[in-house]
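1. sequence unknown, structure follows:
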């Protein structure tokens, strides 16, 4: 009788061997895919490289343009600071004006700054419609952003829309929180609220100056104006808070703040 050999014992594959097999299979499939799609894969890689170089080049180009624009802007702002507003807007024979710089440099920092100063120049010249358009177009940040909103508020106030002006002044106060601008915009908001007949909102804006900016010089003005608001509220039967207003004195009433507080170019 023939001898029957016992079956061979099956041994479990070692995990390391399985990983190597899987890697070998993946590598083989990857190589096959690359061979089958060589042109497409190379095209994608080349496209990524070209796009990366284009982005780097565009950023360098924008940086160079912005530096060039800053030189032009600095030159024409000498006319703006001297009060030659129309010249600042239109430029001279050898230097572009604010409007041209804003157009040429678009959304760069230079273009945005030119847009703001052009808007303010137009406002001072009485061209409210064009000024409003440029104030709304401004897309920067910081103090200039607050001032651009303040410019919109001042135009609304000029046009008799006191409720809108008050809302925009409050927005300007919150856009860039600073002792150099926020208390003044809150005073402007209170004035506009009062003109719109909203004594409660006017009192609230004044109380913000008193409570949040107690070291600011505008506090004295806020206390004086609070007396006027409380007097108006008493006459109309509108309830007010418990803060006692300061008595008005001949030298205590400050002149109205400028409609558009504009930082000097050196502060940008």
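-> Here it is on my side, so go on. Values in this document were obtained by computation on a predicted structure and should not be read as measured data.

2. quick one, strands of this structure?
-> In order along the chain, the chain carries the following strands (DSSP state E): 91-92, 95-96.

3. Adjacent strands (with direction) for the first one?
-> So that's strand 91-92. As defined by DSSP bridges, the strand partners of strand 91-92 come to strand 95-96 (antiparallel).

4. can you give me the helices for the stretch 51-200 of the chain?
-> In the stretch 51-200 of the chain, the helices defined using DSSP state H, counting those that start in this stretch lie at 85-90, 98-105, 109-124, 128-137, 142-158, 162-175, 182-195, 199-212.

5. got TSV for those helices, with mean neighbour count, distance to residue 229 and mean pLDDT too?
-> No exception for glycine: its C-beta is placed from N, CA and C like everyone else's. Compiled in TSV, these are given as follows (neighbours: other CB atoms under 10 Å; distance: least, CB to CB, whole Å; pLDDT from 0 to 100):
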stretch	mean neighbour count	distance to residue 229	mean pLDDT
helix 85-90	18	36	98
helix 98-105	22	39	96
helix 109-124	24	28	97
helix 128-137	18	28	98
helix 142-158	23	17	98
helix 162-175	22	13	98
helix 182-195	25	6	98
helix 199-212	21	5	97
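
6. Can you say which of the ones you listed is nearest to residue 69?
-> Ranking these by their distance to residue 69 (criterion: CB to CB) puts helix 109-124 first, at 3.3 Å.

7. export the helices of the stretch 51-200 of the chain to JSON lines and tack on distance to residue 64?
-> Formatted as JSON lines, these follow (distance: least, CB to CB, whole Å):
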{"stretch": "helix 85-90", "distance to residue 64": "25"}
{"stretch": "helix 98-105", "distance to residue 64": "12"}
{"stretch": "helix 109-124", "distance to residue 64": "11"}
{"stretch": "helix 128-137", "distance to residue 64": "24"}
{"stretch": "helix 142-158", "distance to residue 64": "23"}
{"stretch": "helix 162-175", "distance to residue 64": "31"}
{"stretch": "helix 182-195", "distance to residue 64": "37"}
{"stretch": "helix 199-212", "distance to residue 64": "43"}
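
8. State the distance from the residue nearest to residue 199 when sequence neighbours are not counted to residue 120.
-> The shortest distance from residue 199 to any residue other than its chain neighbours is 4.6 Å, reached at residue 233 (CB to CB, 6 or more residues apart in numbering). Computed with CB to CB, to the nearest Å, the distance linking residue 233 and residue 120 is 35 Å.

9. Repeat that for residue 171.
-> Per CB to CB, residue 171 is found 18 Å from residue 120.

10. Would you agree residue 119 is in contact with residue 128?
-> No: in terms of CB atoms under 8 Å, residue 119 does not count as a neighbour of residue 128; the distance is 10.5 Å.

11. which neighbours do those two share?
-> None of the residues lies in contact with both residue 119 and residue 128 under the rule CB atoms under 8 Å, 6 or more residues apart in numbering.
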